[in-house]
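Enquirer: Below are the sequence and a predicted model; questions follow.
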Amino acid sequence: MPVEFPPVHVPRPYALPQTALAARVECPMPDGATIVAWTYAPEGAADTPGTPFGIDLAVPPVLMLHGNGEEHGIFGPVIDAVCATGRSVVALDSRAQGASTRGTARPLTYELMAADAIEACARLGVGQAHVLGFSDGGILGLLLARDWGDHVLSLTALGANLTPAGLPKEDTDWMAFAAAENRRWAEEGFEGAALEDGTPVPSPAESAQIAELLHLMVENPQIDAASLASVSCPVTVMVGEFDEILPEETDRIVAAIPGARKVVEPGIDHNLPKMAPAAVARELLATVGKNDVRHPRRPIEMPAGLAVCRIPISGLWAEKLDELYRRVDAEPGTSGWVQDVWPPVGMAAELLAAGVYWGTFDSTAVRDGRPADDAALLGAVAVNHDADMGDGNAPGHGSGLGGPSWERQAEKDVACWHLLAADPAARGRHVADALLAAGVRGAREIGARAVRLNTSVANVPANALYASRGFMRHRPLWLPYPGLPLPGWTNLWELEL
């Protein structure tokens, strides 16, 4: 009896990136999976301090997410086009695809893969990105724009669907059949099989993986169109004229997202990145241009109308510090601080008692280097020599990946900033800039030659501030904060004085 092979998919050839690879980064996940991120950088950028993994946060990168059963290389010419504009690319191999492994999580879902993308960005220290997703990657892009919205600057979704009903029934029926046949081969098949023309047949292990990925598309995604109303970034939904995605499904996505733009590429089927990379690059860059957030560098300067000085040890200043942090914790934005967890109870009081706190005030409230007793505390930062950022071995799935990459210096030559916070009620007054000026002044007063600090990769405003004020970024460090809704990765920043 002849052997019954499962359907064998022969992928259409595609052009790989010509831009030099900046870094290949293995990103560990809590369930043991490894998601591989490939970073590509514009000419002149490299995997060095300042641009770790080839990424300069002053120009947020494009995050690229491929389709089912593929790998990141399908975006080759698009990667080249983005890097030619001076912007880096982070391209992921999704879970159980390309160089990335499966892990133990059950079941395989799009929501899990979206969480993988967030964690991979955290591993790279990337808190803001433009997103390009194709097919399954387009689905992930919709989930990221909806659920990680503070961090997604724009979305270009190619050939995405909200539910399996967004595809023709004959397509989902075929996928269900192919999944069943691959499950059969996973149980009954053997290594080294080939079709009559010599085309290799997947191994049993490969067929098991193929079956799971096909089954994912048969039952998922299940995205409520109404939930996309919260997406606030610019969105382009792009399909080919002969795309397998039903036209009404594309229209449903566009109608659900405020201000979304639809693009139909003539003469092209579903395989947009392979068949029309120039068109994809064109629409991607146009979408990026609608929210091209950058953080151009400028010097640290004292804003008009503000003054900084040491916070007195005595008086009501401990209470004012506590009130400042309560206000920050109550309106954390992307800082992720939680009352009585961060700052830890007693930490601010201890630093204040040591005389290392600096504050920002209205300039009229400071006389002879001291704030008036009734002065409003607009922001605070503690400055001392305690610059130990850990060694990357804190417990958790990211432990053991090494310590800070900066040059070793004597403790007396390094200052560290702690608990830097600006009153949310003082937004628009550039209190953060004043705190940077205060921190530099405090560091110089204790004889430091450099300032070092860490901030969560999820804290968008803080990372943008440091990127734009001349700080050098080093590779992120695994340094989780128990009790805070933050990733375990923290960005390391250094400023030479």
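Expert: Perfect, I can see it now. Numbering: from 1, shown residues only.
Enquirer: Give me the below-cutoff pLDDT ranges for the protein.
Expert: Applying pLDDT under 70 to the chain picks out residues 1.
Enquirer: Now do the domain split for it, please.
Expert: Residue ranges for each domain of the chain read 21-167+210-289, 306-496, as given by automatic domain parsing.
Enquirer: what about residue 153, which SS state?
Expert: Recorded secondary structure, residue 153: strand (DSSP: H, G, I helix; E, B strand; the rest coil).
Enquirer: Quick check, residue 479 in contact with residue 390.
Expert: Yes. Taking C-beta atoms under 8 Å as the definition, residue 479 is a contact partner of residue 390 at 4.9 Å. Placement of C-beta: from N, CA and C, glycine included.
Enquirer: These two: who's more crowded?
Expert: More neighbours surround residue 479 than the other of residue 479 and residue 390, with 21 against 15 (other C-beta atoms under 10 Å).
Enquirer: OK, contacts around that one?
Expert: 389, 390, 392, 394, 454, 488, 489, 490 (C-beta atoms under 8 Å, 6 or more residues apart in numbering).
Enquirer: If any of those are buried, give me the ChimeraX selection for them.
Expert: Burial among the contacts of residue 479 is assessed by 16 or more other C-beta atoms under 10 Å; the matching ChimeraX selection reads:
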select :389,392,394,454,488,489,490
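Enquirer: Including distance to residue 130 and secondary structure, could the contacts of residue 479 go into JSON lines?
Expert: As requested, the contacts of residue 479 are exported to JSON lines (distance: C-beta to C-beta, whole Å; DSSP: H, G, I helix; E, B strand; the rest coil):
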{"residue": "389", "distance to residue 130": "29", "secondary structure": "coil"}
{"residue": "390", "distance to residue 130": "31", "secondary structure": "coil"}
{"residue": "392", "distance to residue 130": "29", "secondary structure": "coil"}
{"residue": "394", "distance to residue 130": "31", "secondary structure": "coil"}
{"residue": "454", "distance to residue 130": "25", "secondary structure": "strand"}
{"residue": "488", "distance to residue 130": "24", "secondary structure": "coil"}
{"residue": "489", "distance to residue 130": "20", "secondary structure": "strand"}
{"residue": "490", "distance to residue 130": "23", "secondary structure": "strand"}
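Enquirer: May I ask which two of the contacts of residue 479 are separated the most?
Expert: 389 and 488 (13.3 Å; C-beta to C-beta).
Enquirer: how about the helices of this protein, start to end?
Expert: Remark: helices assigned in the chain by DSSP state H are 76-83, 110-124, 136-147, 169-188, 204-219, 247-256, 272-275, 277-289, 317-330, 347-353, 431-445, 460-468.
Enquirer: most neighbours per residue, which of these?
Expert: Most buried of the helices of the chain by mean neighbour count (mean count of other C-beta atoms under 10 Å) is helix 136-147; its value is a mean of 26.
Enquirer: Just the CA trace of that one, in PDB.
Expert: Taking C-alpha atoms only, helix 136-147 is exported to PDB below (Å, rounded to 0.1, in the frame of the first residue of the first chain):
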ATOM      1  CA  ASP A 136      -0.700  36.100  11.800                       C
ATOM      2  CA  GLY A 137       1.600  39.000  12.500                       C
ATOM      3  CA  GLY A 138      -1.100  41.400  11.500                       C
ATOM      4  CA  ILE A 139      -3.400  39.800  14.100                       C
ATOM      5  CA  LEU A 140      -0.600  40.200  16.700                       C
ATOM      6  CA  GLY A 141      -0.300  43.900  15.600                       C
ATOM      7  CA  LEU A 142      -4.000  44.400  16.300                       C
ATOM      8  CA  LEU A 143      -3.700  42.900  19.800                       C
ATOM      9  CA  LEU A 144      -0.600  45.000  20.600                       C
ATOM     10  CA  ALA A 145      -2.200  48.200  19.400                       C
ATOM     11  CA  ARG A 146      -5.200  47.400  21.600                       C
ATOM     12  CA  ASP A 147      -3.500  46.000  24.700                       C
END
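Enquirer: can you list the domains of the chain in TSV and add distance to residue 204?
Expert: Shown next, in TSV, are the domains of the chain (distance: least, C-beta to C-beta, whole Å):
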stretch	distance to residue 204
domain 21-167+210-289	10
domain 306-496	29
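Enquirer: Spatially central residue in this protein, please.
Expert: Central residue of the chain (C-alpha atoms, centre = their mean): residue 121, 3.4 Å from the mean position.
Enquirer: can you tell me how far that residue sits from residue 37?
Expert: Distance from residue 121 to residue 37, counting by C-beta to C-beta, to the nearest Å: 8 Å.
Enquirer: Give me the common contacts of these two.
Expert: Counting by C-beta under 8 Å, 6+ apart, the residues touching both residue 121 and residue 37 are residue 90.
Enquirer: right, and residue 88 touches residue 41 too?
Expert: Yes. With contact defined as C-beta under 8 Å, residue 88 reaches residue 41; the gap is 4.8 Å.
Enquirer: Need the overlap of contacts for the two.
Expert: 22, 51, 54, 55.
Enquirer: Tell me the one among those residues nearest to residue 77.
Expert: For the shared contacts of residue 88 and residue 41, the nearest to residue 77 is residue 22 (17.6 Å; C-beta to C-beta).
Enquirer: neighbours of that closest one, just the number please.
Expert: 24.
Enquirer: The closest residue to it other than its chain neighbours: neighbour count?
Expert: Leaving aside its chain neighbours, residue 22 sits nearest to residue 54 (2.8 Å; criterion: C-beta to C-beta, 6 or more residues apart in numbering). Close neighbours of residue 54, defined as other C-beta under 10 Å, add up to 24.
Enquirer: what's near enough to touch residue 54?
Expert: Taking C-beta under 8 Å, 6+ apart, we find residue 54 in contact with 22, 23, 39, 40, 41, 45, 46, 47, 88.
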